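Student: Below is the sequence, then the predicted model.
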Amino acid sequence: MTQISREPLQQPTPTRRLVAIAGNPNSGKTTLFNRLTGARHKVGNYPGVTVERKVGLLQLPSGETVDLVDLPGTYSFAARSPEEQISHDVLIGESAGLKRPDLVVVVLDASNVRRNLYFATQLRDMGVRLVVALNMMDIARERGFHIDAQKLSAAIGCPVIPIVARSGEGIDELLAQIAVERKTDGPAAQMPRFIDALPEPLEGTVKELAEGLAQSGLSSEENSRAEALWLLISTLDGDEAIRVSPTQTALAKRVLDKHRLSTTQIRAIETSARYQYLRNLMVLSAAVEQDLPHRVTEALDRVLLHRLIGPVIFLGVMAFVFQSIFSWAEPAMGWAENLIGWISTSVSALLPTGLFRDLVIDGAIAGAGNVIVFLPQILLLFLFIGIMEDTGYMARAAFLMDRIMAKVGLDGRAFVPLLSSFACAVPGIMATRTIASRKDRLVTILVAPLMSCSARLPVYTLIIGTVFAANERVWGVFTIGGLVLMSMYLLSVFAGISIAALFKKTILKSPPPPLYLELPTYKLPSLQSVVMNLVDRAKLFLIRAGTVILAVTVVLWALMNIELVPTDTVQFDAQRQAVVSNTALDSDAQVRALAEIDGRQIALHTENSIGGQMGKLIEPIIAPLGFDWRMGIGIIASFAAREVFVSSLAVVHGVQADDEDPATLRQTLQAATNESGAPLYTPLVGVALMVFFVLACQCMSTVAIVRRETNSWTWPAFMVAYMTVLAWVGAFAVYQGGKLIGLS
Amino acid sequence: MEDKCYQCLRCNFAGNVEDLCPLDSLPVGSRCQIVEIQDPSENILRLMEMGLIPGESVTIERTAPLNSPFSVRLPGCTLAVRREDARHLLVNPLPDPSKH
């Protein structure tokens, strides 16, 4: 279960007032939240769900400090997803850890008042104390949208303050309004609440359900009508069904049946009726909707959404993002590794030799290093995503990609996460946050590790170099190595698409991803927002995923270093003695001979470790794939990170640890034989091994991040299970199939 | 759809019923008024919440490279509508405002 943040300063307390910020997506809500709270906010999860919760501290000019909670952006109060349900629960005070908000600041896009007021009037129906912030006034003026804030305020009976969150215009007045603690109601509003003057058939159904709710004590008397309407237009069935008591669901369904209305009908009726109401409200507020085009947006879209140029530019942008994560992160990763190396050496000098020192250096510090090494990639990816989202380009990307992604059954916003996963699945999976539907997001998370990541490359390179004449040219321009590599990537894409389609048809069955996409006007990114988002993401990764990665590193270190079967060191010492006393050898030959003895001892030590014995244990299972126990050890050890496979294989075959020349390992592997004397690493075995690595989840960091993003251990466990099975089947098919047709 | 819901999915339309056509049949750049919504799916209900309701006048701005979705401009915002959803929106084409 999630914990509320433990830092006392930012934990909502009953004594501080709680102010909620709500509004449509693209209304500038987040910019306002960031402006008001600055760095004093914390990101966590609402208990039991994967919805992110952002709570911060706002210092009012009056000296009072209030808690500010940023509710998920939504177009309507009707709950058809966990996000929307959370909004409702928070507003009626039924969200764990938060009391009922004392005030709700609803942020409206002033260029789009009618649509934004749709949500605001729903909030007003719920009886919450409202302050309306009319945001992005600058753009509204430019586009010829005018509304009289005073008249609107008089009409709905709440303060309406024009602001420009980005520049700070109007913020002081907004803060002044927030500071006012209204104990009594202000002057009566000119327009009654929508909920108080419903047309038929809404009135009949709402009234009846409201009575039922109030009588059963499921809702307070004053809020029963609003609750009733909310129930009627929310999803009562299926997987995205709202979590309310069965009594409430039953009551709602009974009322609908009695009036012979389906949920679809009642939703359509409510929407139409509310827009009718809003039409009147707009008249009362002297609203003018000139709708002059936003020139910058028009000009940019003519290029960025052009039928030919648009996709080309998009691919270019994607290639740029991908390239940067792939290669630009490297120098920073190098610095991180150097830093860790320096720390290791320093600590190493301080501690006495022995198991404890090894634990600290190779377990804890290496583990911390494994965590930090991801930060450059994560920061880079989220920098680009942040800029694309803030400017409005991300919506254009989703627009261009929708048809292709929908055909595969994936959400359009799955494209960036999946593409990033070709560099590294860890930031890619973090980026699935923007996918609205819970199931679509899960499918994307589950297939992201199938995208062949950069950590697999050392494995491919080693195997291709060992079992193939990698540089031999084929068809003029290709090399064998290049072709094999490309086929691994194609397999990866094919597997991803197939598995995604399979999941969507079976366990994560859901309708084709919906498209609720608005193309907002282009805006300059807010540096503050982007940077703060980066800091948030980094913190979340370090704390939530980092701890798991560190723990698993230590466990794996223990597995590979604690002997299950004691190694007889005496025989090795005797051999060393023999070398030293052999006067026929010159000093160079002696050094090499001693190093070779060291290599064999380490290999035996590894074989005798728990991990090594596990490798032998699983040998019968992986033998049908053409693998032996040494590869088994490699597979177990590489759960830490795929590239560890290379070093494990080196160790197990007795190659010295400080031998940097890749040719040595390759030659050793080529010469390796199994019991009957046949070569161990044949082309067929090589391909089977690579296929195994394409499909298997050899990455504890991925498991850790999936745990963080899904807020449970079920999905990471499932992911490891299905991918292991898939990898086994794939390698089996390749090896046995190859043998059947006469390959070896 | 039953009668009680019919009025919420249709606006007052004085013209000829034969003039109505589905949104996806109009070329890019057309301006039209939404008259009736047939058989609303979840997508369409959501689009309605975002402002795509009977009586609203919209402009078809452009289509995506693979012919779906469209971007449809309403006063104040631009929404993406898939071709299969656009089929359910019956519209009355409006004469093009004169361009300079």
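Tutor: Looks like it arrived, so ask away. Residues are numbered from 1 along each chain as shown, chains lettered A, B, ... in the order given.
Student: Show the residue spans covered by the helices in chain B.
Tutor: All helices of chain B, identified by DSSP state H, fall at B:3-6, B:42-49, B:83-86.
Student: how about the ones you listed, which one is nearest A:Leu680?
Tutor: Proximity to A:Leu680 (Cβ to Cβ) singles out helix B:83-86 among the helices of chain B, at 55.1 Å. Glycine gets a C-beta too; all of them are placed from N, C-alpha and C.
Student: who's in contact with the closest residue to A:Cys158 other than its chain neighbours?
Tutor: Taking Cβ to Cβ, 6 or more residues apart in numbering or on different chains as the measure, A:Cys158 lies nearest to A:Leu130, with 4.2 Å between them; neighbours along the chain are not counted. A:Leu130 sits next to A:103-106, A:120, A:123-124, A:156, A:158 when contact means Cβ atoms under 8 Å, 6 or more residues apart in numbering or on different chains.
Student: please redo it, this time with the cut-off set to 6 Å
Tutor: A:Leu130 sits next to A:104, A:106, A:124, A:158 when contact means Cβ atoms under 6 Å, 6 or more residues apart in numbering or on different chains.
Student: So the third one is in contact with A:Arg193, correct?
Tutor: Read that as A:Arg124. Yes. Because the distance of 5.5 Å satisfies Cβ atoms under 6 Å, A:Arg124 is recorded as touching A:Arg193.
Student: When these two are compared, which one has more neighbours?
Tutor: Neighbours of A:Arg124 and A:Arg193, each counted by other Cβ atoms under 10 Å in any protein chain shown, are more numerous for A:Arg124; the result is 24 against 19.
Student: which bits of chain B sit near chain A?
Tutor: Among all residues of chain B, those adjacent to chain A (criterion: Cβ under 6 Å from any Cβ of the partner chain) are B:4-5, B:8-9, B:40, B:43, B:45-46, B:48-51, B:53, B:62, B:64-66, B:68-69, B:71, B:75-80, B:82.
Student: Quick one: buried ones out of those?
Tutor: Those of the residues of chain B next to chain A that meet the buried threshold are B:4-5, B:8-9, B:40, B:43, B:45-46, B:48-51, B:53, B:62, B:64-65, B:68-69, B:71, B:75-80, B:82, by 16 or more other Cβ atoms under 10 Å in any protein chain shown.
Student: where do the strands sit along the stretch 451-600 of chain A?
Tutor: Along the stretch 451-600 of chain A, the stretches classed as strands by DSSP state E, counting those that start in this stretch are A:473-474, A:478-479.
Student: Correction: the previous question concerned chain B.
Tutor: In chain B, strands defined by DSSP state E lie at B:21-22, B:31-37, B:57-63, B:70-74, B:77-81, B:89-94, listed in chain order.
Student: May I see these organised as CSV, with mean pLDDT added?
Tutor: Shown next, in CSV, are the strands of chain B (pLDDT from 0 to 100):
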stretch, mean pLDDT
strand B:21-22, 88
strand B:31-37, 90
strand B:57-63, 91
strand B:70-74, 91
strand B:77-81, 91
strand B:89-94, 89
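Student: Turn these into CSV, including distance to A:Gly310.
Tutor: Conversion of the strands of chain B to CSV gives the following (distance: least, Cβ to Cβ, whole Å):
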stretch, distance to A:Gly310
strand B:21-22, 25
strand B:31-37, 23
strand B:57-63, 9
strand B:70-74, 11
strand B:77-81, 14
strand B:89-94, 24
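Student: Which one, of these, ends up nearest to A:Met405?
Tutor: Go through the strands of chain B one by one with Cβ to Cβ and the one that ends up closest to A:Met405 is strand B:77-81, at 12.8 Å.
Student: What sits closest to residue 95 if chain neighbours are left out?
Tutor: Just so you know, I chose chain A. A:Asp89 (4.3 Å).
Student: looking at chain B here, not the other one
Tutor: Take B:Pro95 and drop its neighbours on the chain: the residue closest to it by Cβ to Cβ, 6+ apart is B:Arg31, 7.7 Å away.
Student: tally of neighbours for the one you found?
Tutor: Here the count is done by other Cβ under 10 Å, and B:Arg31 has 16 residues near it.
Student: Same question for A:Ile507.
Tutor: Under the criterion other Cβ under 10 Å, the count of neighbours that A:Ile507 has is 13.
Student: Phi, psi for it please.
Tutor: phi -70, psi -30 (degrees, to the nearest 10).
Student: Now rank the contacts of A:Leu130 by neighbours and give me the top one.
Tutor: A:Val106 (28 neighbours).
Student: and the helix or strand that contains that one with strand B:77-81, angle?
Tutor: With the criterion set as DSSP states H and E, the secondary-structure element containing A:Val106 is strand A:103-109. Interaxial angle, strand A:103-109 versus strand B:77-81 (axes from the mean of the first three to the mean of the last three Cα atoms, to 10 degrees): 80 degrees.
Student: what's in contact with strand A:103-109?
Tutor: A:19-23, A:27, A:29, A:32, A:116, A:120, A:123, A:128-136.
Student: Quick check on A:Leu18: phi, psi?
Tutor: The phi and psi torsions at A:Leu18 (degrees, to the nearest 10) take the values phi -110, psi 120.
Student: Quick one, grab the pLDDT at the residue of the stretch 301-450 of chain A found nearest chain B.
Tutor: The stretch 301-450 of chain A approaches chain B most closely through A:Arg403 (4.1 Å), counting by Cβ to the nearest Cβ. What the model reports as pLDDT for A:Arg403 is 87.
Student: I'd say it and B:Pro65 touch.
Tutor: No. Shown here, A:Arg403 and B:Pro65 do not form a contact pair, counting by Cβ under 6 Å, at 8.1 Å.
Student: and B:Pro69, what does it touch?
Tutor: If you count contacts by Cβ under 6 Å, 6+ apart, B:Pro69 has them with A:402, B:80-82.
Student: can you rerun that using 8 Å?
Tutor: When the contact criterion is Cβ under 8 Å, 6+ apart, the partners of B:Pro69 are A:399, A:402-403, A:515, A:517, B:63, B:80-83.
Student: go on, A:Phe314?
Tutor: Residues touching A:Phe314, when contacts are defined by Cβ under 8 Å, 6+ apart, comprise A:304, A:396-397, A:400-401.
Student: quick one: is the helix or strand containing A:Leu380 near chain B?
Tutor: Of the helices and strands defined by DSSP H and E, A:Leu380 is found in helix A:375-391. No. Using Cβ under 8 Å from any Cβ of the partner chain, no contact is recorded between helix A:375-391 and chain B, whose separation bottoms out at 15.2 Å.
Student: now that helix, how far from the centre of its chain.
Tutor: Here helix A:375-391 is found 13 Å from its chain centre; the criterion is Cα atoms, centre = their mean, to the nearest Å.
Student: and the following helix or strand past it, how far out from the chain's middle?
Tutor: In the C-terminal direction, the helix or strand that comes right after helix A:375-391 (DSSP H and E) is helix A:393-408. The gap between the average C-alpha position of helix A:393-408 and the chain average comes to 18 Å, counting by Cα atoms, centre = their mean.
Student: Would you mind getting the angle between helix A:393-408 and strand B:70-74?
Tutor: Relative orientation of helix A:393-408 versus strand B:70-74 (the same axes, to 10 degrees): 130 degrees.
Student: how big is the angle separating helix A:393-408 from strand B:57-63?
Tutor: Regarding helix A:393-408 and strand B:57-63, their directions subtend 80 degrees when assessed with the same axes, to 10 degrees.
Student: Next, the angle from helix A:393-408 to helix A:375-391.
Tutor: Computed by the same axes, to 10 degrees, the angle between helix A:393-408 and helix A:375-391 is 100 degrees.
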